[in-house]
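Asker: After the sequence you'll find the predicted model.
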Amino acid sequence: MKIIEVSERNIDLLEKLVSIWESSVRATHLFLSDGEIEDIKKYVPRALKEVPVLIVSEDESGNSSGFMGLSGQKVEMLFVNAQNRGKGIGRKLLEYGMEHYSVNELAVNEQNPLAKGFYEHMGFRVYKRDELDEQGNPYPILRMKRSQEA
């Protein structure tokens, strides 16, 4: 597996990353309805274009398997294709962000306990809980910082 910082965000790449996003969300965000996923999906290409740093993981065949978006020292998004979960891709992406961008903060849905556990395993701790998500929906968000930052 290799980690690539993406500079050119063309349509083909965005379509692949939206597919990874959807695969990941359907596997991990069980609290969202199909309609909610489809609604959110409309905004994903714009978010991928606008996030300041976009990092993609590729397998040996050059297929994208996961991605992470960063803004400053904060993880804005991290998604791994459902069939590639549990293979260390998320860990490698997050370690890359911590090493190259001093990543020390992120947010995760409270109703995604596997992601929360993963981030805790990686040294992040909850420092704040928001009742609503960024769209104002009743899906609590946990704000996390690396333990030495919290």
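Answerer: Yep, it's here.

Asker: For the residue nearest the centre of the chain, give the beta-bridge partners.
Answerer: The residue lying closest to the centre of the chain (Cα atoms, centre = their mean) is residue 78, at 1.5 Å. On the basis of DSSP bridges, residue 78 is bridged to residue 68.

Asker: so how far is residue 68 from it?
Answerer: To residue 68, residue 78 is 4 Å away according to Cβ to Cβ, to the nearest Å. C-betas here are computed from N, CA, C, even on glycine.

Asker: which neighbours do the two share?
Answerer: Shared contacts of residue 78 and residue 68, defined by Cβ atoms under 8 Å, 6 or more residues apart in numbering, comprise 93-94.

Asker: and the lengthiest helix in the chain, how far from the chain's centre?
Answerer: Longest helix of the chain, by residue count under DSSP state H: helix 11-28. Computed by Cα atoms, centre = their mean, to the nearest Å, the chain-centroid distance of helix 11-28 equals 11 Å.

Asker: quick one: contacts of the helix or strand following that helix?
Answerer: Following helix 11-28 in sequence order, the next helix or strand is helix 34-41 (DSSP states H and E). Contacts with helix 34-41, where a contact means Cβ under 8 Å, 6+ apart, come from 18, 21-22, 25-26, 29, 32, 135, 137.

Asker: let's see 7 Å
Answerer: Helix 34-41 is contacted from outside by 18, 22, 25-26, using Cβ atoms under 7 Å, 6 or more residues apart in numbering.
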